[in-house]
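Peer 1: what follows is a predicted structure for the sequence shown.
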Amino acid sequence: MTGPSAAPAVLDGSHVLAVPRGTPLLPLARAWFPTADWSREPATAAQAAAARPMTGARFRGIAVAPPDPAGVLSLDGAVEVAGPYPLDAAGARSLALPPQESDLYGLPAAPVAGATLPPDLVTGWATAVARRTGGGILPAARDRAIVPDPAAAVDLTLWSAVPLRPDDALPLVRPALSGSRLAAPAPPAGGAPEGFTLVARYEYDGEVEVRCSRSREVPVVLSTLDWREHGPWGYHVTWRPPDPLELEVPHPSQLHVIARQRVTPSIARVVATLWRTVGGTVVDAGGFVVPHEEIDARARPR
């Protein structure tokens, strides 16, 4: 149990998504739901101050309810996310959320009439947002807090309009992934490359796979970008740890965490090198665009 709730009473009965204070939620919503938009934008600080009830002798005895400064973000025209509601670091800590100044958003805890989105898709999005931003989730029952580990999402995919041949990709990959070998080349059709798979295996860290393939289905978030910023060729860089089951547990072993810390910079360096060569857009395992500054930060050994 998290103890007495520091969350606003207006969020009672709702699932609550907590993100670091000031996190823009609309781009994260459109990464999964491209038509998402504010049906009521949150009030600015100046607007909230101007809307405060007037006080003084002239207004005594007049009960005026202050307007709700929170916005309403519609995901599909029916499912709505309400917020942000500010929460200080002490309040977040009391709820077993990451101890940081946070913005809270309420999500429906039951199916919504007229909704086109399954409830599990909405909660899956909220979980992905929490992992992406370093936030957390309070289920409507308030019986626990869910805090996904941001470091657990190490896989990256570069979406580009330019295909590479295996012989050209291998020397680009090897400086970051020593021992990389061509694993599964596809026979060319009409002289054009059809994709390939490179694999680097390590005794204690498992293996890292770089798979290039053309796809007819791309992440939803790419539909929100200019078509010139990406393409159908996916360069999927995936880590396969020694024990794959540890990817599914919330608290993996220390050996798994150490191996993950060793391979994460290598994955980022591979993606950065490929991006400099073929261009495109990088998307993480949660379906969100990863900016180049973050790729550079991930590439630094810890």
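Peer 2: Right, received. Where do you want to start? Numbering: from 1, shown residues only.
Peer 1: now Arg214. Nearest residue, chain neighbours left out?
Peer 2: Excluding its sequence neighbours, the residue lying closest to Arg214 (CB to CB, 6 or more residues apart in numbering) is Pro232, at 5.2 Å. Yep, even glycine has a C-beta here, placed from its N, CA and C like the rest.
Peer 1: which residue ranges of the stretch 51-200 of the chain form strands?
Peer 2: With DSSP state E, counting those that start in this stretch applied, the stretch 51-200 of the chain shows strands at 71-74, 80-87, 102-107, 136-138, 156-160, 181-182, 196-202, listed in chain order.
Peer 1: low pLDDT regions in the stretch 51-200 of the chain?
Peer 2: Where the stretch 51-200 of the chain drops to pLDDT under 70, the residues are 51-67, 184-193.
Peer 1: what helices or strands is the longest helix along the chain leaning on?
Peer 2: In terms of residue count, the longest helix belonging to the chain (DSSP state H) is helix 254-278. Judged by 3 or more CB pairs under 8 Å, 6 or more residues apart in numbering; DSSP states H and E, the packing partners of helix 254-278 are strand 156-160, helix 166-173, strand 206-214, strand 233-240, helix 292-299.
Peer 1: buried ones in stretch 216-230?
Peer 2: Neighbour counts over stretch 216-230 (16 or more other CB atoms under 10 Å) mark 218-219, 221-222, 230 as buried.
Peer 1: how about stretch 270-277?
Peer 2: Of the residues in stretch 270-277, 270-275, 277 count as buried by neighbour count, 16+ other CB under 10 Å.
Peer 1: quick one on the thing from earlier: quick check: the residue nearest to Arg214 touching Ala161?
Peer 2: Yes: contact status for Pro232 versus Ala161: in contact at 7.4 Å, counting by CB atoms under 8 Å.
Peer 1: give me the residue at the spatial middle of the chain.
Peer 2: When the chain is reduced to its mean C-alpha position, the nearest residue by CA atoms, centre = their mean turns out to be Arg132, at 3.4 Å.
Peer 1: so what's that one up against?
Peer 2: Residues touching Arg132, when contacts are defined by CB atoms under 8 Å, 6 or more residues apart in numbering, comprise 28, 150, 153, 284, 286, 288.
Peer 1: now swap in Arg21 and tell me
Peer 2: Arg21 makes contact with 86, 100-103 under the criterion CB under 8 Å, 6+ apart.
Peer 1: neighbour count added to the residues you listed, as JSON lines?
Peer 2: Formatted as JSON lines, the contacts of Arg21 follow (neighbours: other CB atoms under 10 Å):
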{"residue": "Pro86", "neighbour count": "15"}
{"residue": "Gln100", "neighbour count": "17"}
{"residue": "Glu101", "neighbour count": "14"}
{"residue": "Ser102", "neighbour count": "28"}
{"residue": "Asp103", "neighbour count": "21"}
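Peer 1: ok, those vs Val249, which is closest?
Peer 2: Lowest distance from Val249 to the contacts of Arg21 (CB to CB) belongs to Gln100, with 24.5 Å.
Peer 1: quick one: residues contacting the closest one.
Peer 2: For Gln100, the residues meeting the contact criterion (CB under 8 Å, 6+ apart) are 20-21, 89, 92, 134.
Peer 1: make a ChimeraX selection of the buried ones in these.
Peer 2: Taking 16+ other CB under 10 Å as the burial criterion, the selection of buried members of those in ChimeraX is written as:
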select :92,134
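Peer 1: and the furthest pair within the contacts of Gln100?
Peer 2: Considering CB to CB, no two members of the contacts of Gln100 lie farther apart than Ala89 and Gly134, which are separated by 13.1 Å.
Peer 1: re earlier: and of the helices and strands packed on helix 254-278, who's closest to Ser253?
Peer 2: If you check each of the helices and strands packed on helix 254-278 against Ser253 by CB to CB, strand 206-214 wins as the nearest, at 13.0 Å.
Peer 1: which strands border that closest one, and is each parallel or antiparallel?
Peer 2: In the sheet containing strand 206-214, the strands it pairs with under DSSP bridges are strand 196-202 (antiparallel), strand 233-240 (antiparallel).
Peer 1: and it with strand 156-160, angle?
Peer 2: Note on geometry: by axes from the mean of the first three to the mean of the last three CA atoms, to 10 degrees, strand 206-214 and strand 156-160 are set 20 degrees apart in direction.
Peer 1: tell me the buried residues in strand 206-214?
Peer 2: Under 16+ other CB under 10 Å, the buried positions of strand 206-214 are 206-212.
Peer 1: with stretch 146-159 instead?
Peer 2: Neighbour-count burial for stretch 146-159, with 16+ other CB under 10 Å as criterion, is recorded at 146-148, 152-159.
Peer 1: can you put the residues you listed in CSV and add distance to Ala115?
Peer 2: Conversion of those to CSV gives the following (distance: CB to CB, whole Å):
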residue, distance to Ala115
Ile146, 22
Val147, 27
Pro148, 24
Ala152, 29
Ala153, 27
Val154, 33
Asp155, 30
Leu156, 32
Thr157, 29
Leu158, 34
Trp159, 29
